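Colleague: this one's sequence-less:
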C-alpha cells in the first residue's frame, strides 16, 4: 500500500527476478532461472489466508476488525529468510548452486539408468542407512564420512559413491532399495507420472467433474482435508468467453 514501488504492476516472475528466486535457481555457470510454477503468486495466496485467519481470531477476541496489507514482495523476502540472515550475520552471499545443498551431502539429484532420484541426507543416522544400503558396513563405518562436516568436506567422494550406485540401477530399482532402507528420496516425475502416482490417487487429489463444453475433466483438489467440513467440488471452471475486440 505504500513505498517507492507501491504502484508498480506486480507479477510473479518479476518478484522471482527481483527478490532471490531467479538468482538462487540454476547452476553457477548458467543463467538465472525462474521456478517451474508461479511460486510467489501461490505463496501470496497462502499468506493472505493465514493473515485473514489471524485477523478473524483477533476479531473474535476483541470485536475489532482490521485491514490486511500484503504484498508479493513481502512473501518473497520471507521465503529466503535464512539465506538473507546468513548474509547479514556472516557476510556469506549465496548464489546458484544447482542441485547441491548448501550445508549437507549427499543432498542432490542423481542419475539412474532411466531417470533421476533426489536423495536427501541431513543427519548422520540417515547417512548410515544409505551407506549400509548401497555399500554395506564398510562404507557405513568409514570415518571419513561419519559426520556431516566430514561428508561435506569430502563431498566429491561421497557424491561420487552415491552417483556410481544410482547409475547401475533403474529409478524403480533404486527407489525400492532406498524406501526399504527408509532413506528420504524421491524420483523425478513428469506430469503424466504425477497423475498416476498411487499416493495422489489415494489422497483423491484430482477431482472428476463434468464441464459443459469439455465434458469429463479432472482438476486438482484442495490441498488440505478437514474432518468436519471437507471441501468438495461445487462447479467446474467458467466457460471461456473471448475478449471483446478493442476499438
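Modeller: Alright, I've got the coordinates. Here the structure is a predicted model, which means the values were calculated and not measured.

Colleague: and the residue nearest the centre of the chain, how far is that from residue 105?
Modeller: What sits nearest the mean C-alpha location of the chain, by Cα atoms, centre = their mean, is residue 39, with 9.1 Å. Separation of residue 39 from residue 105 (Cβ to Cβ, to the nearest Å): 25 Å. In this view, the C-beta of every residue, glycine as well, is placed from N, C-alpha and C.

Colleague: what residue ranges in this protein score low on pLDDT?
Modeller: By pLDDT under 70, the low-scoring segments of the chain are 240-247.

Colleague: for it, what spans make up the helices?
Modeller: For the chain, the helices defined by DSSP state H occupy 12-18, 39-62, 72-79, 81-90, 124-140, 148-153, 155-167, 171-180, 191-195, 198-202.

Colleague: Compare the ones you listed and give me the one nearest residue 214.
Modeller: helix 191-195 (16.5 Å; Cβ to Cβ).

Colleague: tell me what that closest one is packed against?
Modeller: Of the remaining helices and strands, none touches helix 191-195 by 3 or more Cβ pairs under 8 Å, 6 or more residues apart in numbering; DSSP states H and E.

Colleague: That one: which residues count as buried?
Modeller: Buried residues in helix 191-195, defined by neighbour count with 16 or more other Cβ atoms under 10 Å: none.

Colleague: Likewise for stretch 180-191?
Modeller: Across stretch 180-191, burial judged by 16+ other Cβ under 10 Å covers 181, 183, 184, 185, 187.

Colleague: try stretch 145-156
Modeller: Buried, per 16+ other Cβ under 10 Å, within stretch 145-156: 145, 148, 151, 152, 154, 155.

Colleague: Need those in JSON lines (columns: distance to residue 86).
Modeller: As requested, the buried residues of stretch 145-156 are exported to JSON lines (distance: Cβ to Cβ, whole Å):
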{"residue": "145", "distance to residue 86": "25"}
{"residue": "148", "distance to residue 86": "17"}
{"residue": "151", "distance to residue 86": "20"}
{"residue": "152", "distance to residue 86": "16"}
{"residue": "154", "distance to residue 86": "23"}
{"residue": "155", "distance to residue 86": "19"}
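
Colleague: how much space between residue 230 and residue 11?
Modeller: Taking Cβ to Cβ, one finds residue 230 at 34 Å from residue 11.

Colleague: For residue 207, state which of the buried residues of stretch 180-191 is nearest.
Modeller: For the buried residues of stretch 180-191, the nearest to residue 207 is residue 187 (24.7 Å; Cβ to Cβ).

Colleague: Identify the residue nearest that closest one in space, chain neighbours excluded?
Modeller: Using Cβ to Cβ, 6 or more residues apart in numbering and skipping residues adjacent in sequence, the residue nearest residue 187 is residue 171, 4.9 Å away.

Colleague: Could you report the neighbour count for the one you found?
Modeller: 18 (other Cβ atoms under 10 Å).

Colleague: thinking again about what came up before, looking at residue 230 and residue 11, which is more packed in?
Modeller: For residue 230 versus residue 11, the count of surrounding residues by other Cβ under 10 Å is larger for residue 11: 13 against 9.

Colleague: wouldn't residue 71 be in contact with residue 8 here?
Modeller: No. The criterion here is Cβ atoms under 8 Å, and residue 71 misses it with residue 8 at 10.5 Å.

Colleague: more crowded one of the two?
Modeller: Remark: of residue 71 and residue 8, residue 71 carries more neighbours, 17 against 10, as counted by other Cβ under 10 Å.

Colleague: quick one: contacts for the more buried one?
Modeller: Residue 71 makes contact with 10, 44 under the criterion Cβ atoms under 8 Å, 6 or more residues apart in numbering.
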